[in-house]
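Participant: Coordinates for the following, if possible.
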Amino acid sequence: MSSQMQQIVLASRPDGAPSPDNFRLETSDMPSPGAGEILVKVAFMSLDPYMRGRMDDAKSYAAPVPLGGKMEGGSVGHVIASNAEGFAEGDAVFGPFGWASHAVADASMCRKLNPDLAPITTALGVLGMPGFTGWYGLNEIGKPKAGETLLVAAATGPVGSMVGQLAKAKGLRAVGVAGGPDKCRLATETFGFDACVDHRAFDKVSDLRDALKEAAPDGVDVYFENVGGPVLEATLPQMNRFGRIPLCGMIAWYNAGGLGDGASSQGLTGPKLWRTLLVNHLTVTGFIIANHWDRYGEFLKEVAPMVADGRVKYEEDITEGLKNAPQAFMDMLRGGNTGKTIVKVG
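Facilitator: Reported below is the predicted structural model:
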């Protein structure tokens, strides 16, 4: 076994969009697991939009990554040393191993995977946190009903594609928003959306709003909110009375800093937003999926068979090499990925 490992740390906090200077690749001695811990060789690591917020020194639901600290996130790999009951060398595992080639973690924070049931990468996307986020937000907050219309942005990402496919399975009209004609074709031809609107085709929110109205002629009953920005502004006027908005992200504003403190939109003022919610009797519920892991088993029981038999499809965008993780992350924040963003580490 190698005596050294590599990891990517936060070298500086970004001012707006992250740059390569905000990251640093470091080499250090291989750690040893203590009591109740496992040492894992990371095979694949996840890149997710929420990680941008962790780079800011701002109050949020989780502490920011400290300067010089390892970039955090979920990964999958194989145990190479164990001091924890129930984990043996060679076991495939998921855990909070971060942006690193190897990591030590408390075994209670990890879970074993069965590669015979699904590729281990699925624990990072369709059967992991993003897929679970889509399932929980749609069912528990969106409360979908057959015959209604659902709209979700980032429709080809791991959250949006899960939301759209589950909505279709429940008898809803599923409308997606995505960036570019290729992603829109993926949404309709692979993920089964009824329609998909290319938000990059419009310079004005009013034109995007007209396109959404055409794609959802009966209005929108459930808007799964994971983007914010112009898509939110264009969607709100389309909401039907008593509509529901599960809110899990706002990627369009993450690079504004301070979790969106510096964001602006063309016409979405606080009073206008508040009045729209009031007069349309809308329900908006923000949620952090980390608070709902007690439901994860229920999600797997329902969705894993759908993935296995092809009823739920997924796409993975895999970048080779730990050193290339920062660029893949920056590309993802600009919408340059197709499907779940993953880095193949080893």
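Participant: going on from the helix or strand of the chain with the lowest mean pLDDT, what's the next piece of helix or strand?
Facilitator: Every helix and strand of the chain was ranked by mean pLDDT, DSSP states H and E. The lowest is helix 251-254, at a mean of 71. Next in sequence after helix 251-254, counting helices and strands by DSSP states H and E, comes helix 270-279.
Participant: Give me the buried positions along that following helix.
Facilitator: Leu277 (16 or more other C-beta atoms under 10 Å). For glycine as for every other residue, the C-beta is placed from the backbone atoms N, C-alpha and C.
Participant: show me where the protein has helices.
Facilitator: Per DSSP state H, the chain carries helices over the ranges 50-54, 129-136, 158-169, 181-189, 205-215, 229-235, 251-254, 270-279, 296-308, 325-333.
Participant: what's the closest of those helices to Phe242?
Facilitator: Closest approach to Phe242 among the helices of the chain (C-beta to C-beta): helix 270-279, 11.5 Å.
Participant: Now that closest one: average pLDDT?
Facilitator: Averaging pLDDT along helix 270-279 gives 83.
Participant: other SSEs contacting the least confident helix or strand of the chain?
Facilitator: Packing contacts for helix 251-254, counted by 3 or more C-beta pairs under 8 Å, 6 or more residues apart in numbering; DSSP states H and E, involve helix 50-54, helix 229-235.
Participant: can I assume Leu127 is in contact with Val307?
Facilitator: Yes: at 6.3 Å, Leu127 and Val307 qualify as touching, with contact defined as C-beta atoms under 8 Å.
Participant: count of residues packed around Glu302?
Facilitator: The tally of other residues near Glu302 (other C-beta atoms under 10 Å) stands at 13.
Participant: where's it relative to Met162, distance?
Facilitator: For Glu302, the distance to Met162 (C-beta to C-beta, to the nearest Å) stands at 11 Å.
Participant: what residues are shared contacts of the two?
Facilitator: Common neighbours of Glu302 and Met162, counting by C-beta atoms under 8 Å, 6 or more residues apart in numbering, are Trp135.
Participant: picking that back up, for the helices of the chain, please prepare JSON lines with the additional fields distance to Ile289.
Facilitator: As requested, these are arranged in JSON lines below (distance: least, C-beta to C-beta, whole Å):
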{"stretch": "helix 50-54", "distance to Ile289": "10"}
{"stretch": "helix 129-136", "distance to Ile289": "4"}
{"stretch": "helix 158-169", "distance to Ile289": "10"}
{"stretch": "helix 181-189", "distance to Ile289": "22"}
{"stretch": "helix 205-215", "distance to Ile289": "26"}
{"stretch": "helix 229-235", "distance to Ile289": "20"}
{"stretch": "helix 251-254", "distance to Ile289": "15"}
{"stretch": "helix 270-279", "distance to Ile289": "23"}
{"stretch": "helix 296-308", "distance to Ile289": "9"}
{"stretch": "helix 325-333", "distance to Ile289": "18"}
